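In: Give me a model of this one.
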Amino acid sequence: MPLGRRRRRGRRRRRAGFALAAALFAVALVSALVAALFFSAAQESRAAVRGALDARAFAAAELGLHGGLAAWDPARNLPAPDGMAVGESRASTIELASGDRARVVTTRVSTGLFLVASAGTARAGTEGEASVRRTGMALRLERRLSTPRAAVTTFGPVTVSPGATVDGSDHVPPGWPACAAGGALAAADAARGDSALSPRPGTPAWARLVAAAITLPRDEAAAAATLTRSRDARSFQLLYAPASLRLDGVSVQGVLAVDGDVELAHGAELTGILIVRGALRSGPGGGRVLGAVVTHDSAGADIGPGLRIEFSSCAVEAALYASARVAPIPDRGWIQIF
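Out: All right, here's what the predicted structure looks like:
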């Protein structure tokens, strides 16, 4: 065979071998690109699932936070031992229909400050990966009333009839732990500014007080049946009577605002703050107020026979705490922990 023909055949063989290598390299490159595409798609899918879980967990945490605020127990406002002590924490769990949950922990930081932390948990399936998000909110107690500093606070003169008692010394309700006693007055004239008399009827603050209170029926018998007779911490309530009211042998704790006259009869007793827009009268058997009486009658207060009004800073503070509202701190009250 001629030498030139052999050289051409050798070149053909070498070209055929190069083509095979190039084809294999191209297949390997395409396979790597496909694998990278699948890996990227899997990562994006995993990130999307994780993002959805994070969003669900955050929503559960927010629901627990605001749900705890909406279902706030006023008994927490009271100081220990009836309420929460400073530094004490209480936990609750909210289960959602989706299977997500929120664990809410409420801690009393100080007398008038609470910290609510909510941990929301969302899970992908029964045994899938879980996401946890935590949020917190600082709450403060906002009192709806000013603090009475006397047994009776009124715009006019106070007349004490024979057989009636107005005692301005500080008393501790029977069975209650001792609390700090402060100097008090038997009576104070709000018109001179000796003691606060707020809110006043007809003002927006009075309307907010009425809106937040439990409104008693206008019928006196139905109103008396509504009033609680229990003596525990949870019986401290904010009550409003839209008409004159007769307390006949009942025991009430908290704040009672009456848009009219009040009559205490047959040993009726109120522990806390009694706000009267009209007159305060005594019926058969009389009654007792342990705390403070605030009257908005311009004619003053006429304490009739059988009435006994004794100042108690303990009862006043308990009534103010129980009737206070919790509200987020205006500036930076909400935080996302992580």
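In: Which residue, other than its chain neighbours, is closest to residue 236?
Out: Of all residues not flanking residue 236 in the chain, residue 322 sits nearest, at 3.5 Å (CB to CB, 6 or more residues apart in numbering). (Each C-beta comes from the backbone N, C-alpha and C, glycine too.)
In: Can you say which helix or strand has the one you found in it?
Out: Element membership for residue 322 (DSSP states H and E) is helix 313-323.
In: hmm, who's touching that helix?
Out: By CB atoms under 8 Å, 6 or more residues apart in numbering, the surrounding residues in contact with helix 313-323 are 74-75, 77-79, 82-83, 141, 143-145, 147-148, 170-173, 176, 179-182, 184, 212, 233, 236-238, 253-255, 271-273, 290-292.
In: what separates the residue nearest to residue 236 from residue 237, distance-wise?
Out: The gap separating residue 322 from residue 237 is 7 Å, by CB to CB, to the nearest Å.
In: Name the SS class of residue 37, please.
Out: Of the three states, residue 37 takes helix according to DSSP: H, G, I helix; E, B strand; the rest coil.
In: and what of the one 3 residues further on?
Out: For residue 40, the assignment made with three-state DSSP gives helix.
In: Provide a list of residue ranges in this protein with pLDDT below threshold.
Out: Applying pLDDT under 70 to the chain picks out residues 1-18, 42-49, 125-128, 177-198, 221, 224-225, 228-235, 298-300, 331-338.
In: The longest strand along it: what's the following helix or strand?
Out: As assigned by DSSP state E, the longest strand anywhere in the chain is strand 130-142. Beyond strand 130-142 in the direction of the C-terminus, DSSP H and E gives the next helix or strand as strand 150-154.
In: Check which helices and strands that next one is in contact with.
Out: Using 3 or more CB pairs under 8 Å, 6 or more residues apart in numbering; DSSP states H and E, the elements in contact with strand 150-154 are strand 165-167, strand 185-189, strand 287-295, strand 301-303, strand 307-311.
In: Beyond that strand, next helix or strand please.
Out: According to DSSP H and E, the helix or strand after strand 150-154 is strand 158-160.
In: If you count neighbours, what's buried in that next one?
Out: 158, 160 (16 or more other CB atoms under 10 Å).
In: for stretch 139-154, same thing?
Out: Neighbour-count burial for stretch 139-154 [16+ other CB under 10 Å]: 139-141, 144-146, 148-154.
In: Could you do stretch 274-293 as well?
Out: For stretch 274-293, by 16+ other CB under 10 Å, it's 274-283, 286-293.
In: Relative to residue 290, how far out is residue 304?
Out: 18 Å.
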